[in-house]
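Chemist: structure for the following, please:
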Amino acid sequence: MEDKVFKSRVDPRVQTFVKVTFKEEKSTETIKNGIITNFSRSGLFIKAASIIAVHSTIIIDAFLPEETTPLHFVGEVMNVVEDKTGEGGMGIKIFEDQISVKDKERVEEFFDLNHIYG
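Modeler: A predicted model of the protein is given here:
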């Protein structure tokens, strides 16, 4: 079986499919939709039709499977990838000091259930 965790990062990332909404912190634009395609304790990658510029602060609500209350993250867009169709994604560094204790517990539970870091 193929290992789903990417070992080249400070915190290994797991491939996933988690729906998100996001927006630039100071933007008045509408909230955008995307999918987290890989996820770790310190970062994530959002695939989306609409992206935010590198070094922007981003506010993210992630909807874990079978949960109704989203996880709330704040982070920085570290890199942007775009393909020929204009669709792409963003690598996000999560500001760990801005995650609630409850959301940190929920992230750990998500990783435990998916046998990550165990």
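Chemist: in what element of secondary structure is the residue most central in space within the chain found?
Modeler: What sits nearest the mean C-alpha location of the chain, by Cα atoms, centre = their mean, is residue 44, with 3.7 Å. Secondary structure from DSSP states H and E places residue 44 in strand 43-48.
Chemist: the next helix or strand after that strand packs against which elements?
Modeler: Once strand 43-48 ends, the next helix or strand along the chain (criterion: DSSP H and E) is strand 57-63. Strand 57-63 sits against strand 13-24, strand 43-48, strand 71-82, strand 88-94, with contacts defined as 3 or more Cβ pairs under 8 Å, 6 or more residues apart in numbering; DSSP states H and E. From N, CA and C alone the C-beta is placed, and that goes for glycine too.
Chemist: got a list of contacts for the first one?
Modeler: Residues outside strand 13-24 that contact it (Cβ atoms under 8 Å, 6 or more residues apart in numbering) are 4-6, 29-40, 43-46, 48, 52-53, 56-65, 70, 111, 114, 116.
Chemist: kindly recompute the last result at 6 Å.
Modeler: For strand 13-24, the external contacting residues (Cβ atoms under 6 Å, 6 or more residues apart in numbering) are 4-6, 31-36, 38-40, 46, 52, 56, 58-63, 116.
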